[in-house]
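Enquirer: Turn this into a structure:
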Amino acid sequence: MTSRIKTNPAEVAAARPSRTASGQLRSTASAAAAMFMVGTLAAVSGVIGTYPVYGGQALRYALAAVILLAVARARGLGPVRLGAAGWALLGLLSLTGLVIFNVCVIEAARASSPSLVGTIVGTVPLALAVLGPLTRPAGGAGRGRSPSPRVIGAAVVVVAGATLATGLGSGNLPGLMWSLGALACEVCFSLLALPLLPTLGAIRVSAYSAALAVPFLLVMGAIVDGGAMLRMPTAAEALGLGYLAVIVTTVAFFLWYTALPRLGADRAGLFAGMIPVGAIVTTLVLGLGTPSAADLAGAAVVIAGLALGLRTGSR
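Expert: Below you'll find the model as predicted:
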């Protein structure tokens, strides 16, 4: 079944790989900023730690979807008629990359420690370095290419730095299994979006995936928490939920989905190493702790890995 989509030339152009130096610079800046913002999630989540998890996530994604849909309307991105295959792919992206990912992270942290989750999810660059090139290009034509040895080597360096910054911590089998689930969902968040971005663009992919996550989370919240899944948040909780909706979801999703097709999944995946860097900086800014020597060393290794992976063949 074919899709009938009202496209925007700027959105379509943004989904094409950029070959210019300025385009590459914008893409790398977008990817770095997006993953840095995601890294602030852990520290800010402490502010809403007592709010019902599924209800809070539903509020977060609902607010983000409203903002993104308003931006899409303001930019003249009209309604979309997707075929069954397109909606199924969007639903799978939302269910895995947003909903199940959050469930896995929450359950893994409960079963073992947040550091174990951070370490396992920190291997995303390596996973995307291997799997990303094998997927069909964003334009939808042709076959995937072989993984770049340089990018794989850089991904290993980034993973090592993320592991050093996060620390292996204490873990157990349930925590490990939930963490591996989170890793798989984080990979889906990027790979499932690639076929959708050329026609939908970053704004609509972000908006639709966030909107589809809301009913999933409400059903899960009703099963787990019943009528207690939603309540009036305190002032601090409202600020925390607003930050997650606006910065970690609306802005970070848009920046990530803008950079992803331009850099390719393998090179963009390297920037997942910025997550622990964002966590370190946020912890310091909020006065929740002081970075250790291992934190700073890990951040330095991550930056070195990024520099290695983003080098062009002629430089």
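Enquirer: Low-confidence ranges, the stretch 51-200 of the chain, go.
Expert: When residues are selected by pLDDT under 70, those of the stretch 51-200 of the chain lie in 109, 113-119, 132-147, 165-171.
Enquirer: can you give me the strands for this protein?
Expert: For the chain, the strands defined by DSSP state E cover 4-5, 80-81.
Enquirer: What distance do you get for the closest residue to Val246 other than its chain neighbours to Thr250?
Expert: Of all residues not flanking Val246 in the chain, Ile67 sits nearest, at 6.8 Å (Cβ to Cβ, 6 or more residues apart in numbering). C-beta here means a position set from N, CA and C on the backbone, and glycine is covered the same way. For Ile67, the distance to Thr250 equals 5 Å [Cβ to Cβ, to the nearest Å].
Enquirer: Compare neighbour counts for the two and give me the winner.
Expert: The neighbour comparison of Ile67 against Thr250 (other Cβ atoms under 10 Å) goes to Thr250, with 25 against 19.
Enquirer: What about Ala304, how many residues nearby?
Expert: Here the number of neighbours of Ala304 (other Cβ under 10 Å) works out to 15.
Enquirer: Quick check, pLDDT for it.
Expert: For Ala304, the pLDDT comes out at 81.
Enquirer: Could you pull up the residues touching it?
Expert: Ala304 is in contact with 157, 161, counting by Cβ atoms under 8 Å, 6 or more residues apart in numbering.
Enquirer: mind redoing it with 7 Å?
Expert: Neighbouring residues of Ala304 by Cβ atoms under 7 Å, 6 or more residues apart in numbering: Val157.
Enquirer: before we move on, what about Arg204?
Expert: With contacts defined as Cβ under 7 Å, 6+ apart, Arg204 is in contact with 72, 77, 80.
Enquirer: now do Leu128
Expert: Going by Cβ under 7 Å, 6+ apart, Leu128 touches 187, 190, 265-266, 269.
Enquirer: how close does it sit to Arg26?
Expert: 20 Å.
Enquirer: before we move on, what about Met35?
Expert: Distance from Met35 to Arg26, counting by Cβ to Cβ: 15 Å.
Enquirer: Settle it for me: which of these two has more neighbours?
Expert: A count of neighbours by other Cβ under 10 Å puts Met35 above the other of Met35 and Arg26, at 26 against 16.
Enquirer: I figured Gly161 hits Leu306, correct?
Expert: No - counting by Cβ atoms under 7 Å, Leu306 is not a contact partner of Gly161; they are 9.1 Å apart.
Enquirer: between these two, what contacts are shared?
Expert: Gly273.
Enquirer: Helices along the stretch 201-315 of the chain, start to end?
Expert: All helices of the stretch 201-315 of the chain, identified by DSSP state H, counting those that start in this stretch, fall at 235-243, 252-263, 265-269, 274-285, 293-309.
Enquirer: State the mean pLDDT of the shortest one.
Expert: The one in question is helix 265-269. When pLDDT is averaged over helix 265-269, the result is 84.
Enquirer: Which other helices and strands does that helix contact?
Expert: Counting by 3 or more Cβ pairs under 7 Å, 6 or more residues apart in numbering; DSSP states H and E, the packing neighbours recorded for helix 265-269 are helix 124-131, helix 149-166, helix 173-191.
Enquirer: Gly91: which of those helices is closest?
Expert: Smallest distance to Gly91 across the helices and strands packed on helix 265-269 (Cβ to Cβ): 11.9 Å, for helix 173-191.
Enquirer: Next, the distance between the ends of stretch 104-122.
Expert: Taking Cα to Cα, to the nearest Å, stretch 104-122 runs 14 Å from one end to the other.
Enquirer: swap that for stretch 257-270, please
Expert: Stretch 257-270 has its terminal residues 14 Å apart, counting by Cα to Cα.
Enquirer: any idea how far it is from the chain center?
Expert: 11 Å (Cα atoms, centre = their mean, to the nearest Å).
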